[in-house]
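Novice: Fold the stuff below for me.
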Amino acid sequence: MSDENGTPATPAGSPTPHPESLRFFGTTWVDHDDGYTLRRIGAAAGSLVAAVVSCLVLRFAYQGLQIADTGAFVTILVVAMFTICSALAFRATWDSFTRRPDPERQASLRGLLAIGFVGSLLAYFFRSLTEAPGEKLHREEYEAALERHSKRNTRRSGNPSKKRRRG
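Specialist: A predicted model of the protein is given here:
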């Protein structure tokens, strides 16, 4: 596998590169076949339902804070934390659909992404409306790998030592 994009490395003379599989979509994103549209609809609906259920769970947590009478400061702090983390998680998830995230940065954002899970779910929902999440990135990488493969396997015609010299 290539370190930079996860596509299988293909040495010269080997078969064409294989597309990378996407979660929930497999390799159906390449030709938009085998139920690709239904999978996109399912992914969009599933992520939206998960986001709504998550918001209901957060609402129960908010009500728990009110019942515990923790005070306005703690309540505002918790609401602000979930709001800010969700916005940052949305942006980080959205960006990961168009370019490979830096592994070190992803590791440092893991806690923030866990707290802002609603933002990640919403990013997945909105991206599913137009394409399989990550499809654009994977398509660019796959087409670049195919192009590199075709350049490697294209042969020159004729003997270069018998080439006429311009003079």
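
Novice: Count the residues that sit near Cys85.
Specialist: By other C-beta atoms under 10 Å, the residues close to Cys85 number 20. Yep, even glycine has a C-beta here, placed from its N, CA and C like the rest.

Novice: so it touches Leu109, yeah?
Specialist: No - judged on C-beta atoms under 8 Å, Cys85 makes no contact with Leu109 at a distance of 9.9 Å.

Novice: Okay, now the unreliable bits of the protein?
Specialist: Residues of the chain that meet the criterion pLDDT under 70 lie in 1-14, 155-167.

Novice: Just the C-alphas of stretch 22-30, formatted as CSV.
Specialist: The C-alpha trace of stretch 22-30 is given here as CSV (Å, rounded to 0.1, in the frame of the first residue of the first chain):
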residue,chain,number,x,y,z
LEU,A,22,-15.1,3.4,1.2
ARG,A,23,-17.1,2.7,4.4
PHE,A,24,-20.7,1.6,3.5
PHE,A,25,-19.9,1.9,-0.2
GLY,A,26,-17.2,-0.5,-0.9
THR,A,27,-15.9,0.2,-4.4
THR,A,28,-19.4,1.1,-5.8
TRP,A,29,-18.3,4.7,-5.9
VAL,A,30,-16.1,4.1,-9.0
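
Novice: got a list of contacts for that stretch?
Specialist: 18-21, 34-36, 39-40, 42-43, 131-135, 138-139, 142 (C-beta atoms under 8 Å, 6 or more residues apart in numbering).

Novice: what about 7 Å?
Specialist: 19, 21, 34-36, 39, 43, 132, 134-135, 138 (C-beta atoms under 7 Å, 6 or more residues apart in numbering).

Novice: Helices - which of these land there?
Specialist: Of the contacts of stretch 22-30, the ones assigned to helices by DSSP state H are 36, 39, 43, 135, 138.

Novice: ok so, going back, make a ChimeraX selection of whichever of the contacts of stretch 22-30 turn out to be buried.
Specialist: A single ChimeraX command selects the buried members of these (16 or more other C-beta atoms under 10 Å):
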select :19,36,39,43,132,134,135,138
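
Novice: Put together JSON lines for the contacts of stretch 22-30, with distance to Ala89 on each row.
Specialist: Shown next, in JSON lines, are those (distance: C-beta to C-beta, whole Å):
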{"residue": "Pro19", "distance to Ala89": "27"}
{"residue": "Ser21", "distance to Ala89": "24"}
{"residue": "Asp34", "distance to Ala89": "31"}
{"residue": "Gly35", "distance to Ala89": "29"}
{"residue": "Tyr36", "distance to Ala89": "27"}
{"residue": "Arg39", "distance to Ala89": "23"}
{"residue": "Ala43", "distance to Ala89": "18"}
{"residue": "Ala132", "distance to Ala89": "20"}
{"residue": "Gly134", "distance to Ala89": "16"}
{"residue": "Glu135", "distance to Ala89": "20"}
{"residue": "His138", "distance to Ala89": "21"}
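
Novice: Right, I'll call it a day here.
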